[in-house]
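Everything below, folded, please.
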Amino acid sequence: MLSGHESFKKVMSRNRFQAIRSSLTLKADTLSGEALSSMDPLHSCRRLLDTIGKSFAEIAVPLGTCALDEASCRSKARNRAISFMPSKPDKFAIRFYCNVGSAGPYIHSIFDNGRGNLSPLSQVERYNHLHRIFGQILNTSFNSTSIIDKSSPSALWLCQLVHQSKLYRSRDFGRVVFCDNFYTRPRLAEKLLEISDGDIKMTGTCKYSNIDAIK
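Sure thing, here's the model as predicted:
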């Protein structure tokens, strides 16, 4: 996430960064209880991930264009959170969904993809529990008549993108989010425009299998 970033390289050498990283040890949170630990495969670093996610969202809010994509954390551990994707450089890794601003670039929102998480809470509910900015929007936006299922990945992506609009609305021409064909979905674009009150528009290539998602 930080290694190789131009701004980071100016303040810390690569060897120094790797020496610090190799000394970091994440241990399980003994206060979370055995039941919660068994449900969350990332329970040993959950507090760190939550702190990073909240800090990124509070420090700055991107304007203009941004991109929705995934970030991979390579790992050789045996963990339910690890997924195998042969087309990626990091084939075995923990995947995170990221909303990245074009200036910088700056990661405004980062959240794990929930693989292997057995918690009764959906990804959207866990995201809102961390940031607490949506309130009743969750109930009205993901009701029984919603075009997006509350338990789907699209619902989490929607919350990540709308998050920046709720914190700071664009005053000029609104925001545009660029996606590849994995994230570009007509239903998501339609709901994004609705919940953000026209502040966020989506641009990207779309898979043929997702075209019929529009009603």
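
How about Cys206, nearest residue that isn't a chain neighbour?
The shortest distance from Cys206 to any non-neighbouring residue, by Cβ to Cβ, 6 or more residues apart in numbering, is to Thr184 (4.6 Å). C-beta: built from backbone N, CA, C; applies to glycine.

separation between the one you found and Arg115?
22 Å (Cβ to Cβ, to the nearest Å).

likewise Phe142?
With Cβ to Cβ as the criterion, Phe142 and Arg115 are 21 Å apart.

Next: Asn128.
20 Å.

quick one: which of the two has more around it?
Asn128 (18 against 14; other Cβ atoms under 10 Å).

In this structure, mark out all the helices, start to finish.
Using DSSP state H, the helices of the chain run over residues 6-9, 14-23, 34-39, 46-59, 123-131, 137-141, 153-167, 186-195, 208-211.

Pick the most buried one from those helices.
Most buried of those, by mean neighbour count (mean count of other Cβ atoms under 10 Å): helix 153-167, with a mean of 22.

And the contacts of that one?
Here helix 153-167 makes contact (Cβ atoms under 8 Å, 6 or more residues apart in numbering) with 57, 61-62, 66, 68, 97, 99, 108-109, 111, 113-114, 122-124, 127-128, 131, 133-134, 141-142, 148-149, 175, 177, 183, 185, 187-188, 191-192, 195-196, 199-200.

Compute the inter-axis angle for that helix and helix 186-195.
Relative orientation of helix 153-167 and helix 186-195, computed by axes from the mean of the first three to the mean of the last three Cα atoms, to 10 degrees: 20 degrees.

pLDDT averaged over helix 153-167, what's the number?
Averaging pLDDT along helix 153-167 gives 90.

Hmm, Lys201 is touching Phe178, no?
No. Lys201 lies out of contact with Phe178 (Cβ atoms under 8 Å); the separation is 10.2 Å.

quick one, which of the two is more surrounded?
Ranked by neighbour count (other Cβ under 10 Å), Lys201 and Phe178 place Phe178 first, with 17 against 14.

List the residues that contact Phe178.
Phe178 touches 65-68, 203-204, counting by Cβ under 8 Å, 6+ apart.

From Arg47, how far out is it?
Relative to Arg47, and taking Cβ to Cβ, Phe178 is found at 32 Å.

now swap in Arg171 and tell me
36 Å.

Tell me the buried residues within the contacts of Phe178.
66-68, 204 (16 or more other Cβ atoms under 10 Å).

want to try a markdown table for the residues you listed, with distance to Val11 as columns?
Below are the buried ones among the contacts of Phe178 laid out as a markdown table (distance: Cβ to Cβ, whole Å):
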| residue | distance to Val11 |
| --- | --- |
| Cys66 | 25 |
| Ala67 | 25 |
| Leu68 | 28 |
| Gly204 | 34 |
